[in-house]
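Visitor: predicted model and sequence below, questions to follow.
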Amino acid sequence: MRRRVDEAVGSERTEKKPAKGKRAEDSRARSSWKVWLKWTLLALCVLYVVTPFLLRLFPGIVQHLVYSHAILYFVDLSRPADLGLNHTVNMYLTSEEGVTLGVWHTVPEKKWKEAQGKGLDWYEKSLGDGSPVFIYLHGNTNNRAAPHRIAVANILSSLGYHAVVMDYRGFGDSTGEPTESGLTTDALYLYHWVRERSKGSPLIIWGHSLGTGVSTNTAVKLQEQGNPADGVILEGAFKTGKVPPGYPHPFTWYYWKFPYIQYFFQDRLKNNKFTFPSDENVQKMRMPLLILHSKDDHLVPYQIAEELYSIAKTARESDDRVKLVLFDASHGYLHNGLYRDPALPSIIREFVDSIK
């Protein structure tokens, strides 16, 4: 009898051992998770404090934050037909020694059949067919193959216009490193190259986001040279200076709200000659100007577009050659989505007709 009792007690002890072992494993897992969380929070705190000082000590970081040209859209840029642009040619132009620019030229949709199998010479000559020509200067990050940039080229083509889309130095398959003066040099070179071949056709510069700063820089220089663009479109335009509360810095979508970031970041921009003074430029510009902006733009508040419009209108003492079009926030276009608006083609056509 005693033996059976002892056996029963031993059996109970054996059954309890796995339960204790499981509790020990759970305890170790919780302890490991707490250690991981603690170190993660500590690393974030260190990053929060150190980043502003890194920006100040290593100004090259700012260049990459502003242009974000290292963020790529991996496609073969030499084959635009793979992206549905089968009436587009890829070419390379040299804006200055050591800088080669990747460029797409999309002809008007009505030339689609004629364009099949044609080479660079045919595309180059087609610029002089009398159709309006657009030079599209894109924003930061990615390259000319980004979906919203392809969409703009398709809209222009469907309207019967040429679209010439360039990757600035350092972007896409273009060589060199981006700087404000360098991007402006690239845009000026492309403008003169197109103007020489377009034989008097209307030539319009369309800038988006970062490209609006390049566009206004370019427009002012062309005006000073006595060879002004026939019109300028600014989409999602920004201006440098203090960032309005609640908005990220317009140059970068991953802008972090670090302590005293205005002091550290803006000071680095100034020292690196990142000015893009669009407000000063539109005050000087005298060519027709169209400003487009979505009211739900999450990167650049639409009030900046209103401010630029007011500056341009006041400088001209008239609003006949300046137009502002704001898109309702309910559409959800944000910063890159204006191409989805069904009214955009008619807005562009009206603007072009007004300057012919």
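Guide: That came in fine, so what should we check first? Residues are numbered from 1 along each chain as shown.

Visitor: now the spatially most central residue of the chain: closest residue in space that isn't a chain neighbour?
Guide: Centroid check for the chain by CA atoms, centre = their mean gives residue 139 as the closest residue, at 2.7 Å. In this structure, residue 139 finds its nearest non-sequential neighbour in residue 209, 2.9 Å apart by CB to CB, 6 or more residues apart in numbering. In short, each C-beta sits where N, CA and C put it, glycine included.

Visitor: quick check: the gap between that neighbour and residue 156.
Guide: 18 Å (CB to CB, to the nearest Å).

Visitor: where does the stretch 1-150 of the chain have low pLDDT?
Guide: 1-30, 47-73 (pLDDT under 70).

Visitor: which residue ranges form the strands in it?
Guide: Assigned strands in the stretch 1-150 of the chain, in chain order: 88-96, 99-106, 133-137 (criterion: DSSP state E, counting those that start in this stretch).

Visitor: now the first one: how far from the chain's centre is it?
Guide: If I follow you right, that is strand 88-96. Relative to its parent chain, strand 88-96 has a centroid offset of 20 Å by CA atoms, centre = their mean, to the nearest Å.

Visitor: same deal with the last one?
Guide: How far strand 133-137 lies from its chain's middle: 15 Å, per CA atoms, centre = their mean.

Visitor: which other helices and strands does that strand contact?
Guide: Strand 133-137 is packed against helix 147-158, strand 162-166, helix 180-198, strand 203-208, helix 210-224, with contacts defined by 3 or more CB pairs under 8 Å, 6 or more residues apart in numbering; DSSP states H and E.

Visitor: reformat these as a markdown table; add distance to residue 37 and mean neighbour count.
Guide: Compiled in a markdown table, these are given as follows (distance: least, CB to CB, whole Å; neighbours: other CB atoms under 10 Å):
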| stretch | distance to residue 37 | mean neighbour count |
| --- | --- | --- |
| helix 147-158 | 38 | 19 |
| strand 162-166 | 47 | 26 |
| helix 180-198 | 43 | 19 |
| strand 203-208 | 41 | 25 |
| helix 210-224 | 38 | 24 |
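
Visitor: need these in a markdown table (columns: distance to residue 294).
Guide: Compiled in a markdown table, those are given as follows (distance: least, CB to CB, whole Å):
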| stretch | distance to residue 294 |
| --- | --- |
| helix 147-158 | 12 |
| strand 162-166 | 21 |
| helix 180-198 | 24 |
| strand 203-208 | 12 |
| helix 210-224 | 14 |
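
Visitor: quick one, which of those is nearest to residue 107?
Guide: When those are ranked by distance to residue 107, counting by CB to CB, first place goes to strand 162-166 at 6.0 Å.

Visitor: I'd say residue 309 and residue 324 touch.
Guide: Yes - taking contact to mean CB atoms under 8 Å, the distance of 4.0 Å between residue 309 and residue 324 places them in contact.

Visitor: who's more crowded, the two?
Guide: Under the neighbour definition other CB atoms under 10 Å, residue 309 and residue 324 were set side by side, and residue 309 has more, 23 against 19.
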